[in-house]
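Novice: give me a 3D structure for the following:
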Amino acid sequence: MPQTHLHNTLKDLHKQLEHSPELGDGDRALLSTVLADVQRTLDQGLPHEPHVLARLEDATVGFELKHPALAEVAKQLADILRRAGI
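Specialist: Take a look at the predicted model:
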């Protein structure tokens with residue numbers, strides 16, 4: 001899987017986060033923390049980090065009803081990370 005697709009999806013999720021004013025502070029903090037973990041894993045070229053993917057998937061489940069567009073991009077990112085072995 002090309003790294004550009006992974007990074008583009010991560011950027012899309014950051015944009016969704018920025019443009020979701022209805023997102024509560026707790027949800028925003030959770031997703032921001034998870035995205036920071038994902039970015040750190042990518043930047044440092046760390047090997048498989050199952051807790052990072054698990055946290056992203058847990059956050060996605062919480063967003064499905066309240067923020068479906070955000071949840072969809074998060075699911076895409078989780079799928080890409082899984083296929084990349086992260």
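
Novice: ok, S32 - contacts?
Specialist: L17 (CB atoms under 8 Å, 6 or more residues apart in numbering). (Glycine included, C-beta is placed from N, CA and C.)

Novice: count the residues that sit near D37.
Specialist: Applying other CB atoms under 10 Å, we find 16 residues neighbouring D37.

Novice: from the opening residue of stretch 15-34 to its closing one, how far?
Specialist: 15 Å (CA to CA, to the nearest Å).

Novice: pLDDT on it, on average?
Specialist: Taken as a whole, stretch 15-34 has a mean pLDDT of 80.

Novice: how about it: buried residues?
Specialist: Q16, L17, S20, L23, D27, L30, L31, V34 (16 or more other CB atoms under 10 Å).

Novice: how many neighbouring residues does D58 have?
Specialist: With other CB under 10 Å as criterion, D58 counts 12.

Novice: quick one: contacts of the helix or strand containing it?
Specialist: Assigned by DSSP states H and E, D58 belongs to helix 50-63. Defining contact as CB under 8 Å, 6+ apart, one finds that helix 50-63 is touched by 27, 30-31, 33-34, 37-38, 41, 70-71, 74-75, 77-78, 81-82, 86.
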